[in-house]
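Take this sequence and fold it.
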Amino acid sequence: CAEPAATNHTYSQRAYGDLAPFYNYTATLMRFIVKDVDDATITGYILLVVVASLLISAILLISCLLAFTCNFFGGDKAR
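This is a model prediction of the structure:
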């Protein structure tokens, strides 16, 4: 039986070689960003993203609950 691609060392090395420029560019970009931005700013951005995600989740949850509630209590007006 053939060896799976995930455990095939030759395939993995070839795939890494194809993606190495992307990895190197990303690592360089991250080093540049982390070097030029202080920790408080990075923490602030992370907190902003977390709070925005929670706010969007809460809005979606409330809208789904309202939609179900309105549908349960008289949403079917065709009768």
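
burial measure for Tyr11, as a count.
Neighbour count for Tyr11, taken as other Cβ atoms under 10 Å: 13. Using the backbone N, CA and C atoms, a C-beta is placed for each residue, glycine as well.

Which helix or strand contains it?
helix 9-36 (DSSP states H and E).

In that helix, which residues are buried?
Neighbour counts over helix 9-36 (16 or more other Cβ atoms under 10 Å) mark no residue as buried.

from the chain's centre, how far out does that helix sit?
19 Å (Cα atoms, centre = their mean, to the nearest Å).

how is the chain carved up into domains?
1-36, 38-79 (automatic domain parsing).

helix or strand right after the helix holding Tyr11?
helix 39-72.

now the angle from that next one to helix 9-36?
On the basis of axes from the mean of the first three to the mean of the last three Cα atoms, to 10 degrees, helix 39-72 is oriented at 110 degrees to helix 9-36.

same for helix 39-72, what does it pack against?
Judged by 3 or more Cβ pairs under 8 Å, 6 or more residues apart in numbering; DSSP states H and E, helix 39-72 is in contact with no other helix or strand.

Give the rounded mean pLDDT of it.
For helix 39-72, the mean pLDDT works out to 90.

Off-centre distance for that helix?
Worked out by Cα atoms, centre = their mean, helix 39-72 lies 14 Å from the chain centre.

before we move on, what about stretch 30-45?
The gap between where stretch 30-45 is centred and where its chain is centred comes out at 19 Å by Cα atoms, centre = their mean.

so how far is Val49 from Ile56?
Taking Cβ to Cβ, to the nearest Å as the measure, Ile56 falls 11 Å from Val49.

If you could redo that for Gln13, that was the one I meant.
Distance from Gln13 to Val49, by Cβ to Cβ: 35 Å.

And Val37, by the same measure?
15 Å.

next one: Ser57
Distance of Ser57 to Val49, given as Cβ to Cβ: 12 Å.

Same check on Leu19?
Remark: distance between Leu19 and Val49 (Cβ to Cβ) = 26 Å.

do Asp39 as well
From Asp39 to Val49 the distance is 16 Å (Cβ to Cβ).

Could you name the helices and strands sitting against the helix holding Tyr11?
Using 3+ Cβ pairs under 8 Å, 6+ apart, helix 9-36 sits against no helix or strand.
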